[in-house]
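Undergrad: sequence-free structure coming up:
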């Protein structure tokens with residue numbers, strides 16, 4: 001554990017692949033609490049991430065419809081309902097199933113705590129210091145830009 005959060009470094013070569021990887025990683029993590037994505041182009045990330053999220057959603061609905069096992073149907077139903085309720089926003093919202101996508105400059109003004117933070121761009125030093133205040137002890141920071149220091 002790194003001071004106040006777990007740090008996970010991931011490397012992906014393009015923005016579309018970042019959104020694909022993020023959507024797969026976000027599915028189980030979004031059930032733990034609110035999520036923050038720090039990106040230099042929030043609307044582009046939001047669009048690509050929602051597209052991938054809806055693709056996974058449709059696959060889950062098809063898997064649910066094709067199974068006959070009642071336990072699997074209930075498990076798929078739980079995941080599908082969670083995915084349906086998840087909202088992607090370009091501002092901070094306190095509702096339970098929200099994914100906030102912010103610019104690096106907007107992060108410094110944020111006071112809410114997040115269970116998962118994705119860093120997709122370079123952060124200024126003052127935002128790196130403020131990042132510690134946005135996390136809990138069980139938070140995960142996923143660093144695609146290799147900007148977060150390992151000492152927290």
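TA: On my side now, so go ahead. In this text, all values refer to a predicted model and were calculated from it rather than measured experimentally.
Undergrad: name the element residue 117 belongs to?
TA: Using DSSP states H and E, residue 117 sits in strand 114-119.
Undergrad: Same question for residue 122.
TA: With DSSP H and E as the criterion, the answer for residue 122 is that it lies in no helix or strand.
Undergrad: Enumerate the beta-bridge partners assigned to residue 139.
TA: The partner list for residue 139 in beta bridges (DSSP bridges) reads residue 5.
Undergrad: just to revisit the earlier point, now do the strand holding residue 117, average pLDDT.
TA: Across strand 114-119, pLDDT averages out at 91.
Undergrad: and the longest helix seen in the chain, what does it pack onto?
TA: When the chain is parsed with DSSP state H, its longest helix is helix 42-66. Judged by 3 or more CB pairs under 8 Å, 6 or more residues apart in numbering; DSSP states H and E, the packing partners of helix 42-66 are helix 15-29, helix 70-85, strand 87-89, strand 98-102. From N, CA and C alone the C-beta is placed, and that goes for glycine too.
Undergrad: Now that helix: buried residues?
TA: Going by neighbour count (16 or more other CB atoms under 10 Å), the buried part of helix 42-66 is 42, 45-46, 48-50, 52-53, 56-57, 60-61, 64.
Undergrad: could you give the angle of the strand holding residue 117 to strand 98-102?
TA: Interaxial angle of strand 114-119 relative to strand 98-102 (axes from the mean of the first three to the mean of the last three CA atoms, to 10 degrees): 40 degrees.
Undergrad: so how far is the longest helix of the chain off the chain centroid?
TA: 14 Å (CA atoms, centre = their mean, to the nearest Å).
Undergrad: For the buried residues of helix 42-66, give me a markdown table that also has pLDDT.
TA: Putting the buried residues of helix 42-66 into a markdown table (pLDDT from 0 to 100) gives the following:
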| residue | pLDDT |
| --- | --- |
| 42 | 92 |
| 45 | 91 |
| 46 | 93 |
| 48 | 92 |
| 49 | 92 |
| 50 | 93 |
| 52 | 94 |
| 53 | 93 |
| 56 | 94 |
| 57 | 94 |
| 60 | 93 |
| 61 | 95 |
| 64 | 93 |
